[in-house]
Structure formats: structure tokens, C-alpha cells
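Novice: Just to be clear, the model below is a prediction. Sequence and coordinates:
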Amino acid sequence: MSTYTVSGRFQSRDGDQPFTKDVEAENEDLARERIYTNVGSQHNRKRTQIEIEEVSEA
């Protein structure tokens, strides 16, 4: 497994909220899926409300 750094933003009441998170995943697509899952559940947001701007291997 590799560590990926994922950055982007999600919609909140106060406007767009930027984030940068590190996740362990087998590939870039799985890293994106983990971010959708984690950010969505923590902040009660749907996938359409989360925008991933960059995924890079750390």
C-alpha cells in the first residue's frame, strides 16, 4: 500500500471548505474513493458536493 496526499474542497454553509488529507490505498482511484467516503461521512456531504483537485503519491 502507498500513501497518497489528496487535496480539494467541499461545500459547507460558510462556502467552500478546503482540505488536505493523507490516505493509504493501493492506487489513486482507491485513494479518491476513501476521501469521498471519509469526508462525506464526517461532514455529511454527498459526492457531488466534494471536489478533489489533486492526488499525489507521498
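Specialist: Structure's in. What do you need?
Novice: And for Val23, nearest residue in space, chain neighbours not counted?
Specialist: The spatial neighbour of Val23 that comes closest, neighbours along the chain excluded (C-beta to C-beta, 6 or more residues apart in numbering), is Arg34 at 4.7 Å. To be clear about C-beta, it is placed using only N, CA and C from the backbone, and glycine gets the same treatment.
Novice: Let me know the secondary structure of that neighbour.
Specialist: helix (DSSP: H, G, I helix; E, B strand; the rest coil).
Novice: Ala25 is in contact with that one, correct?
Specialist: Yes. Arg34 is within contact range of Ala25, at 5.8 Å (criterion: C-beta atoms under 8 Å).
Novice: Those two: which is more packed in?
Specialist: Each of Arg34 and Ala25 has its neighbours counted (other C-beta atoms under 10 Å); Ala25 has more, 19 against 16.
Novice: Let me see the contact set for the residue nearest the centre of the chain.
Specialist: The geometric centre of the chain, computed from its C-alpha atoms, lies nearest to Ile35 (C-alpha atoms, centre = their mean), at 3.3 Å. Contacts for Ile35 (C-beta atoms under 8 Å, 6 or more residues apart in numbering) come out as 6, 8, 21, 23, 50, 52.
Novice: One more pass at 6 Å, please.
Specialist: Val6 (C-beta atoms under 6 Å, 6 or more residues apart in numbering).
Novice: Glu26 too?
Specialist: Neighbouring residues of Glu26 by C-beta under 6 Å, 6+ apart: Met1.
Novice: if we go to 10 Å?
Specialist: 1-2, 4 (C-beta atoms under 10 Å, 6 or more residues apart in numbering).
Novice: Show me whatever sits in contact with both of Arg34 and Ala25.
Specialist: Shared contacts of Arg34 and Ala25, defined by C-beta under 10 Å, 6+ apart, are found at 4, 6.
Novice: I appreciate the help and will end here.
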